[in-house]
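**Student:** just to be clear, the model below is a prediction. Sequence and coordinates:
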Amino acid sequence: MFELGTDGPSVIVVGIDGSDSSMRAAAYAAGLARRQGAKLALAYVQPISAMGGAQVGAAVIQAEQEVADQLLAEIRDAVERLPEGERVRWEFYSSPGDPYQGIVDLADQLKADGVVIGASQKAGHRLVGSVGVRLVKSGRWPVTVVP
């Protein structure tokens, strides 16, 4: 349905995990959001470990929370270094789960107009498919994969 008075995206979701590729994707998405006047939704989905045991599970959860906290601090620092006129509206989302499903759920929840993600740098993804490839194949939003 056409919405009178809208032009361009209103929400862009970007998946981040701290890798160089995901941080380049965040920078690219921030530029898109700034130029389009869109909100940037930064999504860190904490992978759930397949390892068993309560002690190991608690340690993994704590480590993933520390990664999320570090990413949020880096994002805040980067935003504060930007001149006032170049800042973008943004929100940080962090949740445990499968990265693909977490990004899909967030993009659906926010009614995202596009998704940006860094290219996978893991060799195993050639066999099972990367998050980026799975998002493109879903065909639900325009997806930009940043190298």
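**Tutor:** Received, thanks. Residues are numbered from 1 along each chain as shown.

**Student:** poorly predicted segments of this protein, please.
**Tutor:** The chain contains residues with pLDDT under 70 at 1-7, 49-61, 79, 82-83, 85, 122-129.

**Student:** which one is Arg134 nearest to, not counting chain neighbours?
**Tutor:** Tyr100 (4.9 Å; C-beta to C-beta, 6 or more residues apart in numbering). Yep, even glycine has a C-beta here, placed from its N, CA and C like the rest.

**Student:** packing partners for the one helix or strand Ala29 maps to?
**Tutor:** In the assignment (DSSP states H and E), Ala29 maps to helix 20-36. Judged by 3 or more C-beta pairs under 8 Å, 6 or more residues apart in numbering; DSSP states H and E, helix 20-36 is in contact with strand 11-15, strand 39-46, strand 114-118, strand 143-146.

**Student:** contact partners for the closest residue to Val145 other than its chain neighbours?
**Tutor:** Nearest non-adjacent residue to Val145, counting by C-beta to C-beta, 6+ apart: Gly132, 4.2 Å away. Shown in contact with Gly132 (C-beta atoms under 8 Å, 6 or more residues apart in numbering): Ile117, Gly118, Ala119, Ser120, Val143, Val145.

**Student:** dump the residues you listed to TSV, plus distance to Ala26.
**Tutor:** Compiled in TSV, those are given as follows (distance: C-beta to C-beta, whole Å):
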residue	distance to Ala26
Ile117	10
Gly118	8
Ala119	13
Ser120	15
Val143	15
Val145	13
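
**Student:** so which of these is the most crowded?
**Tutor:** Ranked by neighbour count (other C-beta atoms under 10 Å), the contacts of Gly132 have Ile117 at the top, with 30 neighbours.
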